[in-house]
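*Asks:* Give the three-dimensional model of this entry:
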Amino acid sequence: MLVYCDYIADRVRKALVAAKEDAFAPVPLNEVGKINWDLDSNGAFKSTKKTMVVEDGNGRKYVVTVEEIA
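*Replies:* Residues are numbered from 1 along each chain as shown. Model prediction:
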């Protein structure tokens, strides 16, 4: 079975980057971080979960998570 966490995380990030570049966006964004993979301490694949950090115009940071649930 295919899991689409990579695809969904990429689409969410692209939408947030587009919103960051929109001067008329209702919520200004300062930063949209890279997509982080869920790896163990040795760098080996742990799960399909993906995260990214987003900072709003007020300097507050958020973690956006894309994770498969059973």
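*Asks:* which sections of this protein are below the confidence cut-off?
*Replies:* Applying pLDDT under 70 to the chain picks out residues 1.
*Asks:* hey, where'd the helices end up in this protein?
*Replies:* 5-21 (DSSP state H).
*Asks:* quick one: the closest residue to Trp37 other than its chain neighbours from Ala19, how far?
*Replies:* Spatial nearest neighbour of Trp37, excluding adjacent residues (CB to CB, 6 or more residues apart in numbering): Lys50 at 6.5 Å. Any C-beta I mention is one placed from the backbone N, CA and C, and that applies to glycine too. Distance of Lys50 to Ala19, computed by CB to CB, to the nearest Å: 18 Å.
*Asks:* Equivalent analysis for Thr65, please.
*Replies:* 18 Å.
*Asks:* centroid residue for this protein?
*Replies:* The centre of the chain sits closest to Met52, judged by CA atoms, centre = their mean, with a distance of 3.3 Å.
*Asks:* wait, what's in contact with that residue?
*Replies:* Listed by CB atoms under 8 Å, 6 or more residues apart in numbering, the contact partners of Met52 are Ala9, Val12, Arg13, Leu16, Val32, Gly33, Lys34, Ile35, Asn36, Val63, Val64.
*Asks:* For beta bridges, what are the partners of it?
*Replies:* Val64 (DSSP bridges).
*Asks:* neighbour count winner among Lys50 and Ala19?
*Replies:* Lys50 (22 against 15; other CB atoms under 10 Å).
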